[in-house]
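>>> Give me the fold of what follows.
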Amino acid sequence: MNETELRRIKVLLVDDEPFIRLTLRQILMQIGIPPSNLYDAGDVKAAISETLRVRPSVVLCDIHMPGEDGFAYVATLQKAPIPEVASTPVVMLTSDSGEEAVLTAKGLRVSGYLVKPVSIAAVKKSVERALKVTLP
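Numbers count the residues shown, from 1 in each chain. From the prediction side, this is the model:
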């Protein structure tokens, strides 16, 4: 993937904790994603709105949030009448490594599962797998 292609990647960060979103934003900028291509949402409702507005290349989504959880976001996304939106790759990002959460994520066919705290290398690898690319 060259620099021009890298600049086209849009990432939506979904987490109820602003600090986590900020940390992920910094990690993604270190990987080379331009700040102008990073979007965020603090809950599922905002995430759905942003997904429809932005059409991200990939979404990094927390599981446990107040109100609806990340799994509800994925399920809603996959039912979207717009194929481009319904097929958006989602990487679950959580502190929950329990079997139930992992199996639920698997059942939803998410593109990845990262356990917090995350490293730059882990985020990069998850984005690469979700998008089926190699980042510089």
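
>>> Give me the phi and psi angles of Ser119.
Main-chain dihedrals, Ser119, degrees, to the nearest 10: phi -100, psi 160.

>>> what about it, how many neighbours?
When neighbours are defined as other Cβ atoms under 10 Å, Ser119 has 10 of them. C-beta: built from backbone N, CA, C; applies to glycine.

>>> For it, give its distance to Ile31.
11 Å (Cβ to Cβ, to the nearest Å).

>>> The chain: strands as residue ranges?
11-14, 38-41, 58-62, 90-94, 112-115 (DSSP state E).

>>> Could you dump those strands into JSON lines and include distance to Ala72?
JSON lines is the format used below for the strands of the chain (distance: least, Cβ to Cβ, whole Å):
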{"stretch": "strand 11-14", "distance to Ala72": "11"}
{"stretch": "strand 38-41", "distance to Ala72": "13"}
{"stretch": "strand 58-62", "distance to Ala72": "10"}
{"stretch": "strand 90-94", "distance to Ala72": "12"}
{"stretch": "strand 112-115", "distance to Ala72": "17"}
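
>>> can I get these in JSON lines with mean pLDDT?
Output for the strands of the chain, formatted as JSON lines (pLDDT from 0 to 100):
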{"stretch": "strand 11-14", "mean pLDDT": "98"}
{"stretch": "strand 38-41", "mean pLDDT": "98"}
{"stretch": "strand 58-62", "mean pLDDT": "98"}
{"stretch": "strand 90-94", "mean pLDDT": "95"}
{"stretch": "strand 112-115", "mean pLDDT": "95"}
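
>>> In TSV, list these along with distance to Thr23 and mean neighbour count.
Listed next are these as TSV, based on distance: least, Cβ to Cβ, whole Å; neighbours: other Cβ atoms under 10 Å:
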stretch	distance to Thr23	mean neighbour count
strand 11-14	9	26
strand 38-41	11	20
strand 58-62	11	26
strand 90-94	11	24
strand 112-115	12	17
